[in-house]
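In: the following comprises the amino acid sequence and a computationally predicted model.
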Amino acid sequence: MAGESFINRINPTYCSCLITYVDVLGFAELIEKSRKDPTLVPKIASLLSAIKVAASSGGQIHRDADGKAIDIFSAFNFSDLTIRTTQIPTGNQVSKIVQWEIFYLAELQLNLLIDGYPIRGSMCVGDLYARESEGIVFGPSLVKAHVLESSYAIFPRIVIDRDLAATIKREGVIPTWRDYINRGEDGVHYLDYLFGSSVTAFETGVPGTADPRRIIRAHRDFIKEVIEDDIDRKSERTKQKYIWLAQYHNNVIKRLLDRLKDKAAGIDEFGIPESLLEF
């Protein structure tokens with residue numbers, strides 16, 4: 001209708017969504033370096049493109065009562081910030097949607113760190129308006145995800161909203177949720193990406209899957225390299241993040257040995273020496 005407000009014609013509505021909000025640690029420093037070293041620009045572009053492609057895959061496929069596939073997944077990207085959203089269809093248990101998300105994100109976080117790019121982020125459920133075709137996303141859950149990430153992630157971890165963690169426990173759909181969700185000394189739940197992925201790899205032993213020993217060693221090597229090469233030039237805030245990451249790595253090895261015993265025998269040699277953490 002002529003004269004009708006454009007905004008009124010859009011008529012957006014919220015839906016219940018699972019939202020995961022992640023960004024790359026040290027990205028501001030990388031951008032600053034690129035001002036003096038233009039060869040970094042294509043590398044940054046390739047990194048962001050790879051993250052967007054990875055975050056844009058692995059979406060949920062839901063089927064309606066007639067068996068028709070419905071796409072309930074969207075992904076958005078701005079600079080190093082990536083937002084993954086999965087609509088929760090009416091009548092579906094939240095934990096069924098979360099189950100795929102934690103498995104997929106654990107692998108994504110692990111692979112990115114091994115490639116040299118630790119991430120942090122948050123996961124929650126709530127009202128959201130998300131239209132990937134329009135490039136528009138907003139809502140209370142996005143605000144909540146931002147607050148969780150900026151105030152509680154702090155370290156290289158994806159924090160999980162307390163209410164969402166309680167829902168997962170209550171619904172009890174995920175039999176292995178304790179392998180993929182941990183609670184830090186600060187009381188914050190987070191994605192236990194290295195432990196969960198390693199337990200799954202050790203226990204399944206499916207031919208062709210990633211070798212857990214190689215993955216643990218590669219995880220160790222990245223952390224050691226950063227500490228040995230230039231940790232003294234990092235800010236105190238960054239140092240604390242790598243101390244946390246190194247301690248997390250060593251703690252995962254201890255828990256794997258306690259849990260798997262002979263299956264994981266010898267992985268303690270992939271630990272990070274405590275002497276390296278005296279900075």
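Out: Nice, I can see it.

In: list the contacts of stretch 225-242.
Out: With C-beta atoms under 8 Å, 6 or more residues apart in numbering as the test, stretch 225-242 has contacts from 25-26, 118, 154-156, 223, 246, 272, 276-277, 279. Where you see a C-beta, it was placed from the backbone N, CA and C, and this is true even at glycine.

In: of those, which is the most crowded?
Out: Neighbour count (other C-beta atoms under 10 Å) singles out Pro156 as the most crowded of those, with 24 neighbours.

In: and that one, how far from Ser56?
Out: If you measure Pro156 against Ser56 using C-beta to C-beta, to the nearest Å, the figure is 22 Å.

In: likewise for Lys144?
Out: From Lys144 across to Ser56, the span is 22 Å (C-beta to C-beta).

In: quick one: the strands in this structure, in order.
Out: 15-24, 61-63, 69-71, 73-78, 81-87, 119-131, 136-138, 158-160, 181-183, 189-191 (DSSP state E).

In: using CSV, write out every CA atom in the fourth one.
Out: I take that to be strand 73-78. Taking Å, rounded to 0.1, in the frame of the first residue of the first chain, the C-alpha atoms of strand 73-78 are listed here in CSV:
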residue,chain,number,x,y,z
PHE,A,73,19.8,-23.4,10.7
SER,A,74,21.4,-20.0,9.9
ALA,A,75,24.9,-18.5,10.1
PHE,A,76,26.0,-14.8,10.2
ASN,A,77,29.5,-13.3,10.2
PHE,A,78,30.9,-9.9,11.0
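
In: for that strand, name the packing helices and strands.
Out: Packing partners of strand 73-78 (3 or more C-beta pairs under 8 Å, 6 or more residues apart in numbering; DSSP states H and E): helix 40-55, strand 81-87, strand 119-131.

In: run a quick neighbour tally on Arg162.
Out: When counting by other C-beta under 10 Å, one arrives at 15 neighbours for Arg162.

In: apart from its neighbours in sequence, what residue is nearest it?
Out: Excluding the flanking residues, the one nearest Arg162 by C-beta to C-beta, 6 or more residues apart in numbering is His189, at 6.6 Å.

In: looking at it, that neighbour is touching Arg178, isn't it?
Out: No. Using C-beta atoms under 8 Å, His189 makes no contact with Arg178, being 11.3 Å away.

In: who has more neighbours, these two?
Out: Using other C-beta under 10 Å as the criterion, His189 and Arg178 rank with His189 on top: 21 against 13.

In: and the gap between the more buried one and Lys169?
Out: According to C-beta to C-beta, His189 and Lys169 sit 10 Å apart.

In: need the overlap of contacts for the two.
Out: Here His189 and Lys169 have no joint contacts, going by C-beta under 8 Å, 6+ apart.

In: and stretch 121-131, C-alpha only, in CSV?
Out: Written as CSV, here are the backbone C-alpha positions of stretch 121-131 (Å, rounded to 0.1, in the frame of the first residue of the first chain):
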residue,chain,number,x,y,z
GLY,A,121,32.3,-17.8,22.8
SER,A,122,28.9,-18.6,24.3
MET,A,123,25.9,-20.7,23.8
CYS,A,124,22.3,-20.0,25.0
VAL,A,125,18.7,-20.5,24.0
GLY,A,126,16.1,-17.7,23.6
ASP,A,127,14.0,-15.5,21.4
LEU,A,128,15.7,-14.4,18.1
TYR,A,129,14.8,-13.0,14.7
ALA,A,130,17.2,-14.5,12.2
ARG,A,131,17.0,-14.1,8.4
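
In: where does the prediction get shaky in this structure?
Out: By pLDDT under 70, the weakly predicted segments of the chain are 1-11, 58-67, 69-71, 173-175, 206-209.

In: what's the domain layout of it?
Out: The chain breaks down into these domains under automatic domain parsing: 14-174, 192-279.

In: just send the ones you listed back as JSON lines, with distance to Gly184 too.
Out: Shown next, in JSON lines, are the domains of the chain (distance: least, C-beta to C-beta, whole Å):
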{"stretch": "domain 14-174", "distance to Gly184": "8"}
{"stretch": "domain 192-279", "distance to Gly184": "9"}
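
In: many thanks, we can stop here.
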